[in-house]
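Asks: Got a sequence here, can you build the structure:
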Amino acid sequence: GVQKWMAGVSDQGNDNSCVAHAMANAIYGRSGAEERRRIMPSRRALWYFARSMRGIQASNDGCSPLDMIAAIAAHGYPPEALWPESCPMDKSPDQEAMREASDAIGVETERVYGDTVQWLKTAIAAEYPVLVTIAADAAYMNNTGVWRPHGVFRGYHAITAVRYNTTGVVTMGSYGRGHGMYGFTMIPWEVVGDGDRVRDCWAISTTGRL
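Replies: Residues are numbered from 1 along each chain as shown. Predicted structure coming up:
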């Protein structure tokens, strides 16, 4: 099974907010692994902060992991309880949420280097969730538990790697429990090592207060 410290599977719906979901799940998972006070970051707020940096907060656009990391460094993050998914996507979090954001636990990231397969194993074994960007295709969108790429490119998608075994990496998506195997997808090692398929990996850790 997936580690007990990970959050439940979320659903981004029609929003292009996968990076926010993947980052929030990773932060929650790492703080749980460290046995700190668990707080699920507001995925709505993270997505807003990252888009506002480029002046596109009114648009249903995605963002890059780098934008998300910069946004967290600038703003922190409020808890999901104060700025839930029901809040407007183009509205800045209110004053109470922003006060909590500025007092959030800090986030540190380390980007993949060298051998992606070995790097992922090392990070996950140390209980660091990893934000992974993949070049998704029809096979990923329709997978029933294992992703074996083929078909039409559908765009880049961010997921959270949470466990591995001899077959590959188990990842948590953000399309709800109806996608993959109850929301999880196995990415075989041969796919992980394909730089055209697995493009960007960031291990997430939490530090002291921002």
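Asks: in this structure, which segments are predicted with low confidence?
Replies: In the prediction, the chain carries residues with pLDDT under 70 at positions 1-5, 35-37, 208-210.
Asks: for the residue nearest to the spatial centre of it, what are its contacts?
Replies: Among the residues of the chain, the one closest to the centroid is residue 22, at 1.2 Å (Cα atoms, centre = their mean). Each residue near residue 22 by Cβ atoms under 8 Å, 6 or more residues apart in numbering is listed here: 131, 132, 158, 159, 160, 172, 174. Backbone N, C-alpha and C define where each C-beta goes, glycine included.
Asks: The third one contacts residue 19, doesn't it?
Replies: Yes - under the criterion of Cβ atoms under 8 Å, residue 158 makes contact with residue 19 at 4.3 Å.
Asks: what sits in contact with each of the two?
Replies: 65, 131.
Asks: Pop out the phi and psi values for residue 89.
Replies: phi -70, psi -20 (degrees, to the nearest 10).
Asks: so what's it up against?
Replies: By Cβ under 8 Å, 6+ apart, the neighbours of residue 89 are 15, 17, 44, 47, 48, 57, 60.
Asks: related to what we said a few turns ago, residue 31: which of the contacts of residue 22 is nearest?
Replies: residue 160 (13.6 Å; Cβ to Cβ).
Asks: Quick one: the helices in the chain, in order.
Replies: Applying DSSP state H to the chain gives helices spanning 18-33, 43-52, 65-75, 95-102, 116-125, 138-141, 189-192.
Asks: Which among these is found nearest to residue 85?
Replies: Per Cβ to Cβ, nearest to residue 85 of the helices of the chain: helix 43-52, 5.5 Å.
Asks: Report the angle between the closest one and helix 65-75.
Replies: 100 degrees (axes from the mean of the first three to the mean of the last three Cα atoms, to 10 degrees).
Asks: could you give the angle of helix 43-52 to helix 95-102?
Replies: Taking the same axes, to 10 degrees, helix 43-52 and helix 95-102 form an angle of 80 degrees between their directions.
Asks: got the angle for helix 43-52 vs helix 18-33?
Replies: Between helix 43-52 and helix 18-33, the angle comes out at 130 degrees (the same axes, to 10 degrees).
Asks: which residues are in contact with helix 43-52?
Replies: Against helix 43-52 from outside (Cβ under 8 Å, 6+ apart): 10, 12, 15, 17, 19-21, 23-24, 57, 59, 61, 63, 67-68, 70-72, 74-75, 77-78, 80, 83-85, 87, 89-93, 97, 101.
Asks: The same query, at a cut-off of 6 Å, please.
Replies: The contact list for helix 43-52 (Cβ atoms under 6 Å, 6 or more residues apart in numbering) reads 17, 20-21, 24, 57, 63, 67-68, 71, 75, 77-78, 83, 85, 87, 93.
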